[in-house]
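Enquirer: need a structure here:
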Amino acid sequence: MIVLVVNAGSTSLKVDVFDMPDETCVASIAVERIGQPDAAMAVRWNGAPETRSAIEADRDTALQQVLELVLDRISVDAVGHRIVHGGESLTAPAR
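Expert: Numbering: from 1, shown residues only. Predicted coordinates:
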C-alpha cells in the first residue's frame, strides 16, 4: 500500500510517500517559501536528490505541482494530512 502524507504550512508544503507496511519512504518533496520570489522545490526519490529549480507558486499551485509530480510516477492508495489544531471537534487522529 502506498500512502501519501501531506504537511501544509503557511509558506511551506511537505509531502512524503511511504510504501507500507515497511514504512519505506519512496519520495520526499518540500516546497519552501511559497508565494515568495525565491520559492523552491526539493525532491528526493528513494533517498536520491532530484532538486528542482525555483518555482513561482501560491499554495494551490504548489500542491497541484507536487501531486502531479508524484502521481506521474506512483499510484497512491491512501492520503493523510497533518492538522496542527482541529478545534473542539478534532481532538484525536481521525479518518
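
Enquirer: Got the confidence number for Asp19?
Expert: Listed pLDDT for Asp19 reads 94.

Enquirer: now do Asp77
Expert: Confidence for Asp77, expressed as pLDDT, is 95.

Enquirer: which residues touch Lys14?
Expert: 6-8, 28-31 (C-beta atoms under 8 Å, 6 or more residues apart in numbering). (Glycine included, C-beta is placed from N, CA and C.)

Enquirer: Greatest separation within the residues you listed: which pair is it?
Expert: Ala8 and Ser28 (14.9 Å; C-beta to C-beta).

Enquirer: residue ranges for the strands of this protein, please.
Expert: 2-8, 13-19, 24-32, 40-45, 48-49, 78-81 (DSSP state E).

Enquirer: looking at the ones you listed, which has the lowest confidence?
Expert: Among the strands of the chain, strand 48-49 carries the lowest mean pLDDT (a mean of 85).

Enquirer: Note down every partner strand of that strand and its orientation.
Expert: Counting by DSSP bridges, the strands paired with strand 48-49 are strand 40-45 (antiparallel).

Enquirer: Identify the residues contacting stretch 22-31?
Expert: 2, 12-19, 39-47, 55, 57, 62, 65-66, 69-70, 73-74.

Enquirer: Are any of those buried, and if so which?
Expert: In the contacts of stretch 22-31, burial by neighbour count holds for 2, 13-18, 39, 41, 43-45, 57, 62, 65-66, 69-70, counting by 16 or more other C-beta atoms under 10 Å.

Enquirer: For Gly87, give its distance to Arg59.
Expert: To Arg59, Gly87 is 20 Å away according to C-beta to C-beta, to the nearest Å.
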